[in-house]
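Colleague: Sequence first, then the predicted structure:
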Amino acid sequence: MLIPKNFLKILLALSRKKKEPLFLVGGALREAFLKIETDQSEPRDFDLILARGAAAVSQEFARKTKGRHIALDDQRRIYRVVTGEDSKRFHFDFGNFQAGTLAEDLQTRDLTINALAIDLKKAAAGSKSGQVIDPTGGLRDLKKKILRVAQEKNLADDPLRMLRIFRFAAQLDFKIEPATAGFIKKHARKIKKTAPERIRLELMKTMESPRAAKILKKMDEVGLLTQIFPVLERSRNLAPQYYRQGGVLGHALGAVDCYEESVKTMKRKWPSVAGQVQEYLDCPMAGGFTRRAVIKLGVLLHDVAKPHTARVIKGRLRFFGHDYKGAQLFEEIGRRLRFANEEIRLIAKIIRSHLRPGNLSEQPVVTDRAVWRFFRDLGEDGVGTLLNALADHQSYLAPKKRWDLKEPAVKIIKNLLEKYYLARSRVVPPKIITGHDVMKITGLPPSKEVGKILDRVESLQGEGKIKNRREAMELLKSFKK
């Protein structure tokens, strides 16, 4: 049985007491049939339904397990109990049937693979009648790795389920069957009725998958992607002379594909920096997702402002200022979709700076001072900017040339990563003086002038003209009042 014995014993006792069968449904059951191995050795999240009395059962379960009771949705009578030790938390969600019978309730769920149930009492007793209840053919679809909506009406009732289907496609590597894709295309506009924070959550779960690029293309095929990001529609047919069929939007989707591939193959291609790059990407952010996923969204939207800045100058289509305009547009998008401030700052920074690596690659010589300026401005997120630039540039190249160091942009990106991780003291020298030092030596009060002097000292340090604290302190005397 999936549920730990101590909790199962309590649940069975409550079922007997209330004279109501309890049914296990949802993700834990689905993943058991898929035999998905998670970070935990056993499932931690369980969905339980019964005909009536979910509030009372969940409250009593919380008391007996010394858990915390939370009303998730009083109107639909859905409740959560969080229990267990800090190092091993379990979530039990309890709900009443959302339709008259169990079979009818299962029909209201998003996908057939999620419309499975088992009777806890019968399953615990080993009874054959305790086998899986499967009114929609979910077991068959699990075996065939197909995502099929239980019924079209369910998408209209909760449009977020359309995005959720694509998230499952990314996580499970399942195919969406044609009729379901058709239903999504029909109802795609309704996604705008969904709370933005719910959209962000499903979108970012998709971005965490290494298969997000493929899924984003599928989302675009049914019109869902541009319902979430309407601004991308203007990119679809823009500049086919540069980006071929698909325009700037096709290029952006291709860049996401290159980003996923470069992250996956960097260990083999650039082993000297791959480990540290992976550590940077694996770092969780304030919004609950990794930098890897957040930067991936930045790659998708790095050229979002090209339609807004497109101008024909001397016979050439140019996009001057699309980097700064794009950062501004994403800040608006991020606020609309309720992204965390840290996520918004990172993506806006990357979009604003995504041309800098390419500009450096056009210089005959890239000095340590230029590298210092790059990382002075961007800090650790210079790494994210470089990964975005790599994916952007690789999308223009044939697959065999995507890691070719004869390509100036590829060469400079590798060079910058190596300098940051392998020779950091040269390009990111440690601070050798503080604002307090400046005020003490110069006699200046706290002011912008103090900051300017600090910038000047850091600049000279980056150029190698100041090598230690003693030399810096000597320089400060020249600014003395």
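Modeller: Cool, the structure landed.

Colleague: Tell me how many other residues crowd the closest residue to Gly464 other than its chain neighbours.
Modeller: In this structure, Gly464 finds its nearest non-sequential neighbour in Asp368, 6.8 Å apart by Cβ to Cβ, 6 or more residues apart in numbering. Where you see a C-beta, it was placed from the backbone N, CA and C, and this is true even at glycine. Asp368 has 15 neighbouring residues, counting by other Cβ atoms under 10 Å.

Colleague: Next, the contact list for Asp368, please.
Modeller: Each residue near Asp368 by Cβ atoms under 8 Å, 6 or more residues apart in numbering is listed here: Lys419, Arg426, Val427, Gly462, Glu463, Gly464.

Colleague: Quickly check those for the two that are furthest apart.
Modeller: By the measure Cβ to Cβ, Lys419 and Glu463 form the most distant pair in the contacts of Asp368, at 15.0 Å.

Colleague: of these two, who's got more company?
Modeller: Ranked by neighbour count (other Cβ under 10 Å), Lys419 and Glu463 place Lys419 first, with 20 against 12.

Colleague: Would you check how far apart that one and Arg140 are?
Modeller: 55 Å (Cβ to Cβ, to the nearest Å).

Colleague: likewise Thr309?
Modeller: Counting by Cβ to Cβ, the gap between Thr309 and Arg140 amounts to 51 Å.

Colleague: Could you check which of these two is surrounded by more residues?
Modeller: Set Thr309 next to Arg140 and count neighbours by other Cβ under 10 Å: Thr309 wins out with 16 against 13.

Colleague: wait, doesn't that one sit right on His322?
Modeller: Yes. With contact defined as Cβ atoms under 8 Å, Thr309 counts as touching His322 (4.3 Å).

Colleague: Now do the SS call for Leu142.
Modeller: helix (DSSP: H, G, I helix; E, B strand; the rest coil).

Colleague: I figured it was touching Ala32, is that so?
Modeller: No. When contacts are counted by Cβ under 8 Å, Leu142 is not listed as touching Ala32 (10.5 Å).

Colleague: Who has more neighbours out of those two?
Modeller: Counted by other Cβ under 10 Å, Leu142 and Ala32 do not tie: Leu142 has more neighbours, with 18 against 15.

Colleague: residues contacting that one?
Modeller: Applying Cβ under 8 Å, 6+ apart, the residues near Leu142 are Arg30, Phe33, Leu34, Ile113.

Colleague: what about Ala213, helix or strand, and which?
Modeller: helix 212-221 (DSSP states H and E).

Colleague: same question, Lys296
Modeller: Using DSSP H and E, Lys296 sits in helix 291-300.

Colleague: The closest residue to Asp303 other than its chain neighbours and Arg236: what is the separation?
Modeller: Leaving aside its sequence neighbours, Asp303 sits nearest to Val248 (Cβ to Cβ, 6+ apart; 5.3 Å). Plainly put, Val248 is 8 Å away from Arg236 if you go by Cβ to Cβ.

Colleague: ok, those two, which is more surrounded?
Modeller: Between Val248 and Arg236, Val248 has the larger neighbour count (other Cβ under 10 Å), namely 25 against 15.

Colleague: Which residues are in contact with the more buried one?
Modeller: Ser235, Arg236, Leu238, Ala239, Asp303, Lys306, Pro307.

Colleague: So what's the residue count around the residue lying closest to the last one once chain neighbours are set aside?
Modeller: Think Pro307. Excluding its sequence neighbours, the residue lying closest to Pro307 (Cβ to Cβ, 6+ apart) is Arg234, at 3.8 Å. Neighbours of Arg234 under the rule other Cβ under 10 Å: 18.

Colleague: and if you look at Gln245?
Modeller: Neighbour tally, Gln245, other Cβ under 10 Å: 7.

Colleague: And what about it, helix, strand or coil?
Modeller: Gln245 ends up coil, using three-state DSSP.

Colleague: Need the pLDDT of it.
Modeller: With respect to pLDDT, Gln245 has a value of 75.

Colleague: Distance of it relative to Met204?
Modeller: As judged by Cβ to Cβ, Gln245 and Met204 stand 29 Å apart.

Colleague: tell me which element Arg80 is part of?
Modeller: Arg80 is part of strand 78-85, with elements assigned from DSSP H and E.

Colleague: In a strand, Lys406, correct?
Modeller: No. Assessed with three-state DSSP, Lys406 is coil; it does not lie in a strand.

Colleague: can you count the residues close to it?
Modeller: 7.

Colleague: measure it to Ala327 for me?
Modeller: Per Cβ to Cβ, Lys406 is found 31 Å from Ala327.

Colleague: same thing with Ser209?
Modeller: Distance, Ser209 to Ala327, using Cβ to Cβ: 26 Å.

Colleague: Pass me the low-pLDDT residue ranges in this protein, would you?
Modeller: Where the chain drops to pLDDT under 70, the residues are 1, 36-43, 126-130, 481.

Colleague: For Gln461, which non-adjacent residue is spatially closest?
Modeller: For Gln461, ignoring the flanking residues on the chain, the nearest one in space by Cβ to Cβ, 6+ apart is Pro429 at 5.0 Å.

Colleague: Pull the distance from the host helix or strand of Arg335 to the chain's centre.
Modeller: Of the helices and strands defined by DSSP H and E, Arg335 is found in helix 322-336. For helix 322-336, the separation from the chain centroid amounts to 17 Å (computed by Cα atoms, centre = their mean, to the nearest Å).
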